[in-house]
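>>> Predicted coordinates and the sequence they were generated for:
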Amino acid sequence: MSLNLTQSGLPDDAIEVGRILDAWGVKGWLKILPHSTHPEALFSAKSWFLQAPEAKFRPGFNAFSGTVTVSVDEAKTHSDSVVALITGLDDRNVAESLRGCRIFLPRSSFPAASKDEYYWVDLIGLNVVNREGVALGCVRDLMATGPHSVLCVEYTAVRDDGTSATDERMIPFVAAYVDAVDLPGKSITVDWQPDY
């Protein structure tokens, strides 16, 4: 059996949301590693965009080239991961051939976040300023630490010898330190000082 894949391009607002780990079971299900602890976007999407794994992870991959679109019959949580069934995929060997594929979804298809909740992808790139208006840098990444997330804020630091270098400060993403998130204004206001 061969899987019918539709060649396509990635949407302009495509976000990588997971990766195919392996086949799951004998009927063509896939085991997915989501890039989020709350993979609602994977569950709500009726189609996914797949790209081949990077060559360093899966040399010789030949299931397809470029970007393909697949229809999703079902996606659900199973134990500590996500499992999914793609339309027309009912063979374990074909499912195994997709191991390592990257899964993308358009950001516009994500379910709406609840009040005072944000997708990490929406926070990356925002400018961070403190209550006094001092620029603290730009959100480069976020880090999960268990009880809460931490903003990884990149900034330019001036060294004692007068040279400048890129540095990073960590700011807990909790109400005690984060006053406001302004997505349209592309900024986050925090109760934090540059020398913390």
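Sure thing, it's come through.
>>> quick one: the closest residue to Tyr196 other than its chain neighbours from Ala135, how far?
Excluding the flanking residues, the one nearest Tyr196 by CB to CB, 6 or more residues apart in numbering is Arg169, at 7.2 Å. Where you see a C-beta, it was placed from the backbone N, CA and C, and this is true even at glycine. Separation of Arg169 from Ala135 (CB to CB, to the nearest Å): 12 Å.
>>> Which neighbours do those two have in common?
Here Arg169 and Ala135 have Tyr155 as joint contacts, going by CB atoms under 8 Å, 6 or more residues apart in numbering.
>>> ok, these two, which is more surrounded?
Taking neighbours as other CB atoms under 10 Å, Arg169 and Ala135 compare with Arg169 leading, 17 against 12.
>>> so where does the more buried one fall, helix or strand?
Element membership of Arg169, judged by DSSP states H and E, is strand 164-172.
>>> Using PDB, write out every CA atom in that strand.
Output of strand 164-172 as PDB, limited to C-alpha atoms (Å, rounded to 0.1, in the frame of the first residue of the first chain):
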ATOM      1  CA  SER A 164      29.500  44.900  23.100                       C
ATOM      2  CA  ALA A 165      28.200  41.300  23.100                       C
ATOM      3  CA  THR A 166      24.900  39.600  23.000                       C
ATOM      4  CA  ASP A 167      23.700  38.400  26.400                       C
ATOM      5  CA  GLU A 168      20.600  36.900  27.900                       C
ATOM      6  CA  ARG A 169      18.400  37.500  31.000                       C
ATOM      7  CA  MET A 170      15.800  35.200  32.300                       C
ATOM      8  CA  ILE A 171      12.500  36.600  33.500                       C
ATOM      9  CA  PRO A 172       9.800  34.300  35.100                       C
END
